[in-house]
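K.L.:
next input, structure requested:
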Amino acid sequence: MNLPDIPLVILDTETTGFIPRVNRIIEYAHIVVRNTEITDEYEQLITIPDDIPQAVQIITRIRPDALNGQPTFDNIRNRIITKMGSDTLIVGQNVGFDIRMLGGEDIDLSGRPWIDTSMLASLVFPELESYSLGYVSTVLNLNHAPVHRALGDVRATMELLEKCWERLLELPKDAVTDIKNVMSKSSEGYDMLFAALPEGKNDTNPSWMKMPAKRKVESAQQKVNLRKPTIGIVDLIEEPLDPAFLQSVIDTAAADNETVHWIAVKNLTATVKRLQLPENVRVLQPPFLLLDDQEVDSLRSQDSYTADEATLLTKLDWYHPSVIDEAPVHGGEKAVWGGKLACTDQSQSYIDQFHDLPSVVLLDHRQLLAFVDDPTHAAHGALSSDAHIIVDDASMLEDTANKAYGYYCGLNDLRAAAEGNAALTKFADLLQIWIEKIRHDQDMRFIAPSDLDSPEVNALQKHTEELLKDSTLRPQTIRLLKAIYACLTPEALQRITWIETRQDGSQFLQSVPESVAELMKEQLYDVYPVSMIIPPKSGDQLQEILHRGTQKSLNTVMQSRQIRTPIVFPENIRGSKVIADPPDGKTIILAGSRRIIEEYFVKYTEDLEERGITLICQNFSGGQNRMQAEFLAAQAPVVWVITPWMFEGLELPLGTVDHLIVDALPFDNPSSPVFGKRAEHFDNAFIGYSMPRLLQRLFRILRTFRRIAGTDADVAVIDSRILEKKYGEIVQRYMQSVCKEIDTVPQKEFQNSDYPENWQMNLF
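P.N.:
Numbering: from 1, shown residues only. Sure, this is the predicted structure:
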């Protein structure tokens, strides 16, 4: 085999969950390689005292009766340790998980050298959409048999290592020298691997050492009528379902030499990937995506690197990114970027973007609001009251304003920033202990007065104050510490402040203002000419974005293509029926919750697989990139079940999707910390807040669908509430009007006093 000539043990575990000691290993497998030859192959099912969750049974195909008569882990622990050898380099796909789970079974491998094939693949296969083992096995034609089992994963991992090694052997001499130098300062495992890499034979970089080209929207070659509004009167532009609409807005702005247009979008990275930008458009990258060259130099000067730091430095050398998406940054490297290498708004690399701005500036919502909130910001030298600000996707402005005006700290970023700093590491440990103490195993926990009135918080505040005096800390670290401090002071109780623990175990401290509309009125609408691109018929339903005292006018001169989207509201059809008998082509189903998705996954995965139909389910088929990649690669028919919130952010080529099924109307979760608090601003929260946000989200869903749908694609809304609830007719007629299934929406008076007399009139 074409493998490095060092002793290797490639291993994998199948488990009942993700938490060591709480969840158990039910299967272990490894292959030992010496002198590039297999010397041992071992696989063992393991009996446990607990039940195997149904979802795990489907993922692994391991049923409880398969464990009958199998040894316990206590019976095989010494055998595993002996067979894997004490001198072998541990190899695995996301191997850190397996090492932690084995540690939970009292096999301590924490001091052993290891390498992660997922990270290696991201280093040398930049063209891949995902680095999950299932996806790379399909794309690279790896031997992944038996699928779903530990030994099958080990075989595929071994072949993936071989594929990665083959590409590493193509590196030129200089690149080999550089990567050996970097890895010699890294973890023992990566040092061992790259020390075995022979000197390069070429003088030029291999063809694979470049990022793939991005897919772009085809411009409609259509100009739209832009007008610069009067300061204090927000101009509202109703958006059609035209995938090229924003492209047309940008093209029109670029052709206008009399006004500087600042166009703010929700997701700048996705927008830049998708659009074809004229030469006189400047993209202002936000600081957290932009690389700070000075901080890169600081990282390089370290005496040693973590594995993630070493691989990220190598990618910086190979792919020369200025922003994070210009290199295949993967896994824990993202925390290194955020905690050590990203710019702040004081970084020179960030400030340089504001020099000699052209007539069109493209930026994201958060940057725009950060500029207007901070009079000392570098942007104020460039952003004047003569500029025309265009806010795209304005129905999302409330959510982005929460982040722009709020405080946010990810504990993973703090941990990455603390590497090599004993004081900061101690602080991170103390903060983690306090979080675990007060959250009481809750995924979301509001900060209460009693939480801040404790000796632990006083100690954390003092510790933070001392750390903020440390002039050697990076700006990124200072930003994290300031966010933490803001969440620990009494002023945090005047905002919405909470602790959030996500499914992958990552934790966040967050704090946002009680209201953002008043701030935006004072800092944005009353200072600059502002146009807002909004969903149709929503001008009077944006109270948490447009303060009640804000004047607004509807722009009726904007012209664009009107695109019809077939939409139906069938009776007596449920998501389960669609999945059990899916239509031809590629179908996406929007489910209402992770619980429903799990039910579909458990009930239908095996049956569909036997029929040659691919079922992809959020939370059970990897992250978004992996699911997108598998959806693209799968042969029809294929069904993908996700939440509406993930669907809004999909990036797929035009023509990918044939059917969209809305299984559940995507109302906001009432337990969401911000939604719950903001709902208190309304006498009738359902009418004043929940319903408008639902309709705006449905429009964004239809817009996303139109951007990725095929020519004859269709939409079906099968939520029974459309027919059973009194608001169902409003939802149906709104979606029909947006999709141009009806030309006009007849007015209807509601006798029920729960509905304000003018509410539906404002909608239609």
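
K.L.:
since we're on residue 649, how many residues are nearby?
P.N.:
Residue neighbour count, defined by other C-beta atoms under 10 Å, stands at 12 for residue 649. (Each C-beta comes from the backbone N, C-alpha and C, glycine too.)

K.L.:
need the contact list for it.
P.N.:
Counting by C-beta atoms under 8 Å, 6 or more residues apart in numbering, residue 649 touches 267, 270, 624.

K.L.:
tell me the contacts of the first one?
P.N.:
Applying C-beta under 8 Å, 6+ apart, we find residue 267 in contact with 364, 649.

K.L.:
can we see that at 10 Å?
P.N.:
Residue 267 makes contacts with 273, 274, 364, 365, 392, 393, 396, 400, 648, 649, 651, as judged by C-beta atoms under 10 Å, 6 or more residues apart in numbering.

K.L.:
distance of the fifth one relative to residue 674?
P.N.:
From residue 392 over to residue 674 the distance is 22 Å, taken as C-beta to C-beta, to the nearest Å.

K.L.:
what sits closest to residue 521 if chain neighbours are left out?
P.N.:
residue 547 (4.0 Å; C-beta to C-beta, 6 or more residues apart in numbering).

K.L.:
one more: residue 61?
P.N.:
Nearest in space to residue 61, with sequence neighbours left out and distances taken as C-beta to C-beta, 6+ apart, is residue 148 at 4.8 Å.

K.L.:
what backbone torsions are found at that neighbour?
P.N.:
Per-residue torsions, residue 148: phi 80, psi 0 (degrees, to the nearest 10).

K.L.:
isn't residue 38 up against residue 158?
P.N.:
Yes. Taking contacts as C-beta atoms under 10 Å, residue 38 lies within contact range of residue 158: 8.5 Å.

K.L.:
list residues touching both of the two?
P.N.:
With C-beta under 10 Å, 6+ apart, residue 38 and residue 158 have common neighbours 1, 3, 8, 10, 31.

K.L.:
so what's the third one up against?
P.N.:
Think residue 8. 30-34, 36, 38-39, 84-85, 88-91, 115, 158, 161, 192-193.

K.L.:
let's go with 6 Å and repeat that
P.N.:
Counting by C-beta atoms under 6 Å, 6 or more residues apart in numbering, residue 8 touches 33, 88, 89, 91.

K.L.:
if you rank those by neighbours, which is first?
P.N.:
Using other C-beta under 10 Å as the neighbour test, the contacts of residue 8 are led by residue 91, with 29 neighbours.

K.L.:
the helix or strand that contains residue 59 packs against which elements?
P.N.:
According to DSSP states H and E, residue 59 maps onto helix 54-60. Packing partners of helix 54-60 (3 or more C-beta pairs under 6 Å, 6 or more residues apart in numbering; DSSP states H and E): helix 594-610.

K.L.:
going by contacts, tell me the helices and strands next to the helix it packs on.
P.N.:
Right, helix 594-610 is packed against helix 54-60, strand 614-617 by 3+ C-beta pairs under 6 Å, 6+ apart.

K.L.:
before we move on, the earlier item: residues near the residue nearest to residue 61, how many?
P.N.:
Residue 148, neighbours per other C-beta under 10 Å, totals 16.

K.L.:
now do it against residue 62, distance only.
P.N.:
Going from residue 148 to residue 62 by C-beta to C-beta gives 8 Å.

K.L.:
may I ask which of the shared contacts of residue 38 and residue 158 has the most neighbours?
P.N.:
Within the shared contacts of residue 38 and residue 158, most neighbours by other C-beta under 10 Å means residue 10, with 30 neighbours.

K.L.:
since we're on the residue nearest to residue 54 when sequence neighbours are not counted, how many residues are nearby?
P.N.:
Of all residues not flanking residue 54 in the chain, residue 602 sits nearest, at 4.7 Å (C-beta to C-beta, 6+ apart). Using other C-beta under 10 Å, the number of residues around residue 602 comes to 18.

K.L.:
give the contact list for residue 602.
P.N.:
Contacts of residue 602 by C-beta under 6 Å, 6+ apart are 54, 55, 58.
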